[in-house]
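Participant: Take this sequence and fold it.
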Amino acid sequence: MHGRRPCHLPGGAGRGYDTGVNSPADKVHDGLPAPPRETVRTLIAAALVVAAVLAVHANSLGGTFVFDDDHNIVHNPLIRRLWPPVRHRPVANLSLAVNYAVGGLAPRGYHMVNLAVHLAAALALLGVVRRTLLSRRLGGRFARSALPTALAVALIWAVHPLQTASVTYVVQRAEALAGLFILLTLYFAIRGPTAKRSWPWLAAAVAACALGMGSKEVAAAAPLVVLVHDRTFVAASWRELLRRRWAFHAALAATWLIAVLPVVSIVAGDGGGTGVAPKTISRPEYLHLQCHAVATYVRLAVWPVGQCLDYGPVHADEVGPVDLAWTVGLLLATAAALWRRPAAGFLGVWFFAILAPSSGLVPLADPVFEHRMYLPLAAVVAAAVLGFRAVIGRLPGAAARAGVGAAIVLAAVGLLGWRTVRRNALFADPVALYRDVIAVRPTNARARANLGFALLDTGDNSLLGEARDSFAQALHYQPTYARAHVGLADVAMRRGDLPRAEKHLREAVALDPRAADAHNNLGAVLLEQKRPAEALPHCREAVRLKPGVPVFRRTLGKARFQLGLARLAQGRPADAVEQLRAALKLRPNHVQAANSLAWVLATSPRGGVRNGPEAIRLARQADAAEGGRNPVILDTLAAAYAEAGRFGEAVATIRRAIALATDAGRSEDAHRYEVRLRLYEAGKPYRDAPPAP
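Facilitator: Prediction:
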């Protein structure tokens, strides 16, 4: 290569590094301002990327929450606060918490942030590819075509339909954030050796790497990717690299602790619902399954037809010889290229290193998920673009080469973008989305159950039969699937068949004692049948398993309330007070519980139970919630005043109750209130008659 020149950095940080060719575009690498023309071309390229991303992903803003969004967003108590940060993936979870603080559970705001993250990542990729093509190793070949080539890579990567798994599937923002921070880490690392002051860029790289580690474990690949890129495109030798920038690479490696420590605690346990596979799946077995995953990812990258949100379990017999050949062949090709053609080998390192955290290091319950290709896809796209460029480069005439290249890129962007728009539309309709999954993976029991729940969520009772069939098919493919029994119970409840619902829920609890929703729903069914004593243990277990889910706490509060009334009817006022207080602790705004507890505290025949001041406070709370217009609550408040010896207020309050009951035509209630009025006027409190033995 011609025109090489060493770049001497302040403090010797990059002294001796070879920076590339002496082209106009490359002047930016010397810390000098780029010429106006080059700056304009770069801005135009960035604008094209922005326009393409917005055009293709605009309809993603109409998507809803699907699949794991329910667990990680809708029913995740950890994102209901901004501080302290969540230990697992704190950066990604903090971004979800900010979304919740700003817009609650409105999906549009979450989709807007996902789109912004993807847009930033596409621009970062544009910068990384451009500066890599202008590096010492490649600058001689790409001095004039670096920007168009980088633009082609960024455009195709940004609009590829595989990216919907990370952009439109909200909770996979974690994957997109990790991808963004890996790209920024690499971009800042590239800028460091060639800048007048290297340390701000290198410090920014370490900071970006740390943020990536806090987004998702896939960012663990960043230090390795930067190291190989540094050696391949910047440093003249490993010895020189380590001598000049050992501290920088050590700092990058230190950020591994952010991602590794939570993973170690997960692997040491049982997975804790974080997606880690059961311990019965060995690492060799998982690596075998990953041959099928890699082959699937490459196929979809080249020909994105037959995408699937949820592949479900992958069995060993699905891993064919072609899968093994593809994966082993790519690994061997990467190793050979690193030795003979390092620039091409770097693409293989990029692909496998970024897939490694989810496709090798830790066995995961789901061997295949398309969102894992978010950043590895860039290696496939770059290889394809560079391959086409090499072929087109043999055509005669610069204009012809440019025209053919532009036509191919436009065609690819148009076709891929069209498929992305169509796939985004599925995320706005969960029923259509899960039907699409089943079309690809018909034996996926989880997908069939999710389709059943999506049908129930429409609220259309005419779809109950289809929902029931979907849950039954899920059990056909996986007879021990507890969640399918929960769905069948939901169908039975909507049809008013409580005994059948109870049967399915007891089966679900037996199959999976840790199924919190099954325990909660069983408690709810038992409460509908006025069996609070049986419901209480299941309601308690649901809250124990998932303490932050509001609906579970409400069901437990209802169980406590019903049990309190039952204990009162049994002549056990002390037990009734205990249960009603527990109900109010779970649901502080429960008007009926507050009123019932106030009544017992004001009127119980047992002196040890009564508590006038507390009864007044609770009755006032209930009265305020009802706007002072409920005669039943005013009756309780009057009794509380009388118990506390405040008979003047008791008389005035019970008269208001009499007036409201009379106006409402409730003559029997008004008569009872008049009897109590005479007691209060005589300076006597009211005592509720004890129940018959």
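Participant: ok now the helix or strand harbouring Ala343, how far from the chain's centre?
Facilitator: Following DSSP states H and E, one finds Ala343 within helix 342-356. Mean C-alpha position of helix 342-356 versus that of the full chain (Cα atoms, centre = their mean, to the nearest Å) differs by 27 Å.
Participant: Which of the residues in it are classified as buried?
Facilitator: Neighbour-count burial for helix 342-356, with 16 or more other Cβ atoms under 10 Å as criterion, is recorded at 343-356. (Glycine included, C-beta is placed from N, CA and C.)
Participant: go on, stretch 663-674?
Facilitator: For stretch 663-674, using 16+ other Cβ under 10 Å, the buried residues are Asp669, Ala670, Tyr673.
Participant: quick check, nearest of the buried residues of helix 342-356 to Leu375?
Facilitator: Ile354 (5.0 Å; Cβ to Cβ).
Participant: now the helices: where do they sit in the stretch 351-500 of the chain?
Facilitator: Using DSSP state H, counting those that start in this stretch, the helices found in the stretch 351-500 of the chain span residues 376-392, 398-426, 430-440, 445-457, 464-477, 482-494, 498-511.
Participant: will you turn those helices into TSV that also has distance to Trp339, mean neighbour count and mean pLDDT?
Facilitator: Formatted as TSV, the helices of the stretch 351-500 of the chain follow (distance: least, Cβ to Cβ, whole Å; neighbours: other Cβ atoms under 10 Å; pLDDT from 0 to 100):
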stretch	distance to Trp339	mean neighbour count	mean pLDDT
helix 376-392	18	20	95
helix 398-426	30	16	94
helix 430-440	39	19	97
helix 445-457	43	24	97
helix 464-477	47	19	97
helix 482-494	50	24	97
helix 498-511	53	19	98
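Participant: Which of the ones you listed sits closest to Leu364?
Facilitator: Nearest to Leu364 among these is helix 445-457 (14.6 Å), distances taken as Cβ to Cβ.
Participant: ok, residues contacting that closest one?
Facilitator: 67, 310, 312, 430-431, 433-435, 437-438, 441, 463-464, 466-468, 470-471, 473-475, 477-478, 481, 483-484, 487, 490-491, 494 (Cβ atoms under 8 Å, 6 or more residues apart in numbering).
Participant: same thing but 6 Å
Facilitator: Residues from elsewhere that reach helix 445-457, judged by Cβ atoms under 6 Å, 6 or more residues apart in numbering: 310, 312, 430-431, 434, 437-438, 463, 466-467, 470-471, 473-474, 477-478, 481, 483-484, 487, 490.
Participant: who's in contact with the most centrally placed residue in the chain?
Facilitator: In the chain, the centroid-proximal residue (Cα atoms, centre = their mean) is Val171; its distance is 2.4 Å. Residues in contact with Val171 (Cβ under 6 Å, 6+ apart) are Asp68, Asp69, Asn72.
Participant: Setting the sequence-adjacent residues aside, check what's closest to the first one.
Facilitator: Nearest in space to Asp68, with sequence neighbours left out and distances taken as Cβ to Cβ, 6 or more residues apart in numbering, is Val171 at 5.2 Å.
Participant: how close does the one you found get to Ala336?
Facilitator: 38 Å (Cβ to Cβ, to the nearest Å).
Participant: Could you do Ala533 as well?
Facilitator: Plainly put, Ala533 is 71 Å away from Ala336 if you go by Cβ to Cβ.
Participant: Pop the domain breakdown of this protein in here.
Facilitator: For the chain, the structural domains run 23-273+370-423, 589-693, going by automatic domain parsing.
Participant: Columns distance to Arg506 on top of the ones you listed, output as TSV?
Facilitator: Shown next, in TSV, are the domains of the chain (distance: least, Cβ to Cβ, whole Å):
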stretch	distance to Arg506
domain 23-273+370-423	23
domain 589-693	28
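Participant: quick one, phi/psi of Asp460?
Facilitator: Asp460 adopts backbone torsions of phi -90, psi 110, taken as degrees, to the nearest 10.
Participant: sorry, back to before: angle of the helix holding Ala343 against helix 376-392?
Facilitator: 160 degrees (axes from the mean of the first three to the mean of the last three Cα atoms, to 10 degrees).
Participant: Now Ala46. Nearest residue, chain neighbours left out?
Facilitator: Closest to Ala46 by Cβ to Cβ, 6+ apart is Leu123, at 5.8 Å.
Participant: and the one you found, how far is that from Gln172?
Facilitator: Counting by Cβ to Cβ - Leu123 and Gln172 are separated by 20 Å.
Participant: ok, those two, which is more surrounded?
Facilitator: Gln172 (26 against 20; other Cβ atoms under 10 Å).
Participant: one step back: in a helix, that's where the residue nearest to the centre of the chain is, yeah?
Facilitator: Yes - per DSSP: H, G, I helix; E, B strand; the rest coil, Val171 lies within a helix segment.
Participant: let's have the chain start at 58 instead
Facilitator: Sure, I'll start numbering at 58, so the last one becomes Val228.
Participant: okay, it: pLDDT?
Facilitator: The per-residue pLDDT reported for Val228 equals 97.
Participant: pLDDT weak spots in this structure?
Facilitator: Scanning the chain for pLDDT under 70 picks out 58-92, 319-337, 418, 746-750.
Participant: Tell me, how many residues neighbour Val113?
Facilitator: Quick note: Val113 (other Cβ under 10 Å) scores 26 neighbours.
Participant: part of a strand, is Gly605?
Facilitator: No - using three-state DSSP, the assignment for Gly605 is coil, not a strand.
Participant: ok, now how distant is it from Leu180?
Facilitator: 37 Å.
Participant: quick one, what contacts Tyr698?
Facilitator: Counting by Cβ under 6 Å, 6+ apart, Tyr698 makes contact with Glu706, Ala707.
Participant: For it, pull up the helix or strand it's in.
Facilitator: Using DSSP H and E, Tyr698 sits in helix 688-700.
Participant: From the chain's centroid, how far away is that helix?
Facilitator: Taking mean C-alpha positions (Cα atoms, centre = their mean), helix 688-700 and its chain are 49 Å apart.
Participant: after it comes which helix or strand?
Facilitator: Using DSSP H and E, the first helix or strand after helix 688-700 is helix 704-720.
Participant: That following helix packs against which elements?
Facilitator: If contacts are counted by 3 or more Cβ pairs under 6 Å, 6 or more residues apart in numbering; DSSP states H and E, helix 704-720 sits against helix 688-700, helix 724-738.
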